[in-house]
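predicted model follows, preceded by the sequence.
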Amino acid sequence: MTRRTSRLAEALRHLLLIAGALFILAPFLWALSISLRPPEEIFTAQLRLLPDHLAFVRNYRLALTQMPLLRFLLNGVVVCSGILICQLLIMVPCAYALAKLKFAGRSLLLGLVLIALVIPTTALTLPLFILASKAQLIDSYAGLIVPWTISAFGIFLMRQVFSRVSDDVIEAARLDGLDEFEILLTIMLPLVWPAIGAFSIYSFAHHWNDLLWPSVVTRSVGMATPPYGVMLFQSDEAGSDYGALMAGALLIMTPMIVIFMLAREKFIAGLSLASPP
């Protein structure tokens, strides 16, 4: 009876996981279905996943030709890479200092980081726009990158990871004559690479999908990031051609899916490093 109950519980668990996965994947599958349909089959009385006639070539050709999709993708890579590099350069030494160095005001700084975590980014849009305007950063890569170069979440995440490293390792390195910068580069960083990889995936995906800030600070189509570019395409070019719109949306979604699938093990391992022991 115990073995049979265990098997039933495992089967039920798998059924629940499959149902949850299908629920999460349903919007993506429907978007994929729409991207394959001709316009006359999108709004019909019947709900069908597979179209009667494929319009794959037409929709994806329109997505690539009626809007500068490659330019949008390039802007997304430049902006997200610039933000990530700046975040790593700032958050890694800050997190190490908060975790392993003793100095006046450390608790206050950690408290400020925690406060920054609970402030919604939408509340910062207006003051950030005013600062960007005063600094003449509107419609530029700098305007898209600079406001997000400091990540409170990244600092807190790395601080938690660094805190799990034994202080004896650091003291031994100091006795060997290494300074704090050398300890950070040669000892600490190799131990926390999974966490850095997990944050990199999070940061890249978050800013790749960001629509609010690019729509505020961008003025020209040539500076649009992928989500904002598709929104401009919807209002100015595509009209009601939702098949081409879904094709464009799937094209800008594909890089993030590929990156996550290739690095999902590193992502999970990095998050586990920050969890309590």
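Done, it's in. Residues are numbered from 1 along each chain as shown.

give the contact list for Phe233.
66-67, 245, 248 (Cβ atoms under 8 Å, 6 or more residues apart in numbering). For the C-beta atoms, the positions are set from N, CA and C on the backbone; glycine is no exception.

of the residues you listed, keep whichever come out buried.
The neighbour-count test (16 or more other Cβ atoms under 10 Å) marks 67, 245, 248 as buried among the contacts of Phe233.

nearest to Leu88, of the residues you listed?
For these, the residue nearest Leu88 by Cβ to Cβ is Gly248; the value is 30.5 Å.

Ala263: neighbour count?
Neighbours of Ala263 under the rule other Cβ atoms under 10 Å: 17.

in helices, which of the contacts of Phe233 fall?
245, 248 (DSSP state H).

I'd like the contacts of Phe233 as a markdown table, with distance to Thr225 and pLDDT appended.
As requested, the contacts of Phe233 are arranged in a markdown table below (distance: Cβ to Cβ, whole Å; pLDDT from 0 to 100):
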| residue | distance to Thr225 | pLDDT |
| --- | --- | --- |
| Gln66 | 18 | 79 |
| Met67 | 13 | 78 |
| Leu245 | 16 | 82 |
| Gly248 | 13 | 83 |
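
which single one of the contacts of Phe233 is nearest to Asp167?
Of all the contacts of Phe233, Asp167 sits closest to Gly248, with 51.7 Å by Cβ to Cβ.

is the closest residue in space to the closest one that isn't next to it in sequence in a helix, a strand, or coil?
Closest residue to Gly248 apart from its sequence neighbours, by Cβ to Cβ, 6 or more residues apart in numbering: Ala63 at 3.9 Å. Under DSSP: H, G, I helix; E, B strand; the rest coil, Ala63 falls in the helix class.

Phe260: which of the buried ones among the contacts of Phe233 is nearest?
For those, the closest approach to Phe260 (Cβ to Cβ) belongs to Gly248, at 20.0 Å.

tell me the domain boundaries of the protein?
2-62, 68-274 (automatic domain parsing).

so which of the ones you listed is the most packed in?
Highest mean neighbour count of those: domain 68-274, a mean of 17 (counted as mean count of other Cβ atoms under 10 Å).

immediately after the helix or strand encompassing Phe162, which helix or strand?
Element membership for Phe162 (DSSP states H and E) is helix 152-163. Later in the chain than helix 152-163, the nearest helix or strand by DSSP H and E is helix 167-175.

before we move on, back to that, of all the contacts of Phe233, which comes closest to Leu262?
Distances from Leu262 to these, taken by Cβ to Cβ, are shortest for Gly248, at 23.0 Å.

list the contacts of the closest one.
Applying Cβ under 8 Å, 6+ apart to Gly248 gives the contacts 63, 67, 69, 230, 233.

cool, Asn209 as well?
Per Cβ under 8 Å, 6+ apart, neighbours of Asn209: 227, 256.

let's see the pLDDT reported for it.
Note for Asn209: predicted pLDDT of 88.

quick one, helices of the stretch 1-150 of the chain?
Remark: helices assigned in the stretch 1-150 of the chain by DSSP state H, counting those that start in this stretch are 2-35, 56-65, 69-100, 106-118, 125-134, 141-145.

turn the ones you listed into JSON lines, including mean pLDDT and distance to Pro190.
JSON lines is the format used below for those (pLDDT from 0 to 100; distance: least, Cβ to Cβ, whole Å):
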{"stretch": "helix 2-35", "mean pLDDT": "84", "distance to Pro190": "35"}
{"stretch": "helix 56-65", "mean pLDDT": "84", "distance to Pro190": "42"}
{"stretch": "helix 69-100", "mean pLDDT": "92", "distance to Pro190": "13"}
{"stretch": "helix 106-118", "mean pLDDT": "90", "distance to Pro190": "24"}
{"stretch": "helix 125-134", "mean pLDDT": "91", "distance to Pro190": "35"}
{"stretch": "helix 141-145", "mean pLDDT": "94", "distance to Pro190": "28"}
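
no more questions from me, cheers.
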